[in-house]
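Structure for the following, please:
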Amino acid sequence: MQPTTNTPFERFAFVSTALLVISLPFLMFGLLFLANSLLIVNNDVGAGRFLLKCVNIINWVVTLGIPIFWIVCAIKIERDHIKTLAKAEAELSDIMVSDMRTLPQNWQATNTVFIAESVVIANDYLRVLRWVVRKFVGGESKSFSRLLARARREATVRVLRRAKECGANVVWNIRYETSAVHSIFTGGSSNNMITGVELLAYATAFNVTAE
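Below you'll find the predicted structure:
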């Protein structure tokens with residue numbers, strides 16, 4: 001079964017962003033150093049100005065191009081995740097899921113196993129911008145609502161997959177716990193920007209036969 005997370009495009013977006021973040025400072029520093037060397041040592045004004053123009057172009061690419069690239073990646077990753085979740089849910093639809101505590105009287109449960117699965121989903125660039133604007137005016141953050149819905153569905157799918165591996169046909173008394181992930185660079189305080197959400201799903205899986 002194809003995983004609903006860590007898809008090839010997600011890996012491509014992550015590696016591309018990491019390479020950009022690592023390489024751009026060195027590239028800009030190298031061009032500035034070379035331009036200053038040509039201007040000061042060789043007095044090559046034309047070449048120095050050309051390199052300075054290259055630095056200016058890179059600045060514009062960083063300022064406009066990279067945020068647009070992140071937004072496009074975020075939209076595609078979210079849409080792909082929703083599609084793969086729907087496919088996984090359809091494939092696992094033969095397993096019954098309930099949040100009830102007690103079993104029907106005519107049921108007999110066998111091979112009982114406790115299952116707990118979690119998922120951590122990071123905020124994307126576009127969602128952070130929406131969150132910043134929403135903090136100024138207040139109201140419901142629909143972008144975070146969708147993020148939590150995806151995390152809930154992902155955790156449920158993982159529970160169902162684990163139940164299927166155990167040979168169970170029922171997932172009973174399913175519960176969810178949610179926590180926000182804050183930036184470690186500012187101490188992880190609850191007053192800081194939310195950088196992601198963690199959702200834990202746990203339930204009891206078993207085989208059931210009705211009398």
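
Surely residue 23 is in a helix?
Yes. The assignment for residue 23 is a helix, going by DSSP: H, G, I helix; E, B strand; the rest coil.

Please tell me how far it sits from residue 16.
Per C-beta to C-beta, to the nearest Å, residue 23 is found 11 Å from residue 16. (Each C-beta comes from the backbone N, C-alpha and C, glycine too.)

for residue 97, same thing?
Distance from residue 97 to residue 16, by C-beta to C-beta: 37 Å.

Tell me which of those two has more neighbours.
Ranked by neighbour count (other C-beta atoms under 10 Å), residue 97 and residue 16 place residue 97 first, with 17 against 14.

does that one really touch residue 174, like I thought?
Yes. Taking contacts as C-beta atoms under 8 Å, residue 97 lies within contact range of residue 174: 6.0 Å.

shared neighbours of the two, which are they?
156, 203 (C-beta atoms under 8 Å, 6 or more residues apart in numbering).

Break this structure into its domains for me.
8-88, 94-210 (automatic domain parsing).

Can you get me the start-to-end distance on the first one?
Using C-alpha to C-alpha, to the nearest Å, the end-to-end distance of domain 8-88 comes out at 17 Å.

got the contact list for the helix or strand where residue 159 lies?
Here residue 159 sits within helix 142-165, counting by DSSP states H and E. The contact list for helix 142-165 (C-beta under 8 Å, 6+ apart) reads 1, 4-5, 78, 81-82, 85, 88-89, 92, 95, 97, 113, 115-119, 121, 123, 126-127, 130-131, 134, 170-171, 174, 176, 178, 194, 197-203, 205.

Tell me the buried residues in it?
Neighbour-count burial for helix 142-165, counted by 16 or more other C-beta atoms under 10 Å, picks out 143-144, 147, 150-164.

Tell me where this protein has helices.
Secondary structure of the chain (DSSP state H): helices located at 8-37, 45-60, 66-91, 125-137, 142-165.

Would you reformat these as TSV and include distance to residue 107 and mean pLDDT?
TSV is the format used below for the helices of the chain (distance: least, C-beta to C-beta, whole Å; pLDDT from 0 to 100):
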stretch	distance to residue 107	mean pLDDT
helix 8-37	40	76
helix 45-60	65	71
helix 66-91	24	88
helix 125-137	42	75
helix 142-165	16	91
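
Make a markdown table from these and add distance to residue 108 to it.
Shown next, in a markdown table, are the helices of the chain (distance: least, C-beta to C-beta, whole Å):
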| stretch | distance to residue 108 |
| --- | --- |
| helix 8-37 | 43 |
| helix 45-60 | 69 |
| helix 66-91 | 27 |
| helix 125-137 | 46 |
| helix 142-165 | 18 |
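
Please identify the deepest-packed of the ones you listed.
Highest mean neighbour count of these: helix 142-165, a mean of 19 (counted as mean count of other C-beta atoms under 10 Å).

just the angle between the helix holding residue 159 and helix 66-91, please?
On the basis of axes from the mean of the first three to the mean of the last three C-alpha atoms, to 10 degrees, helix 142-165 is oriented at 40 degrees to helix 66-91.
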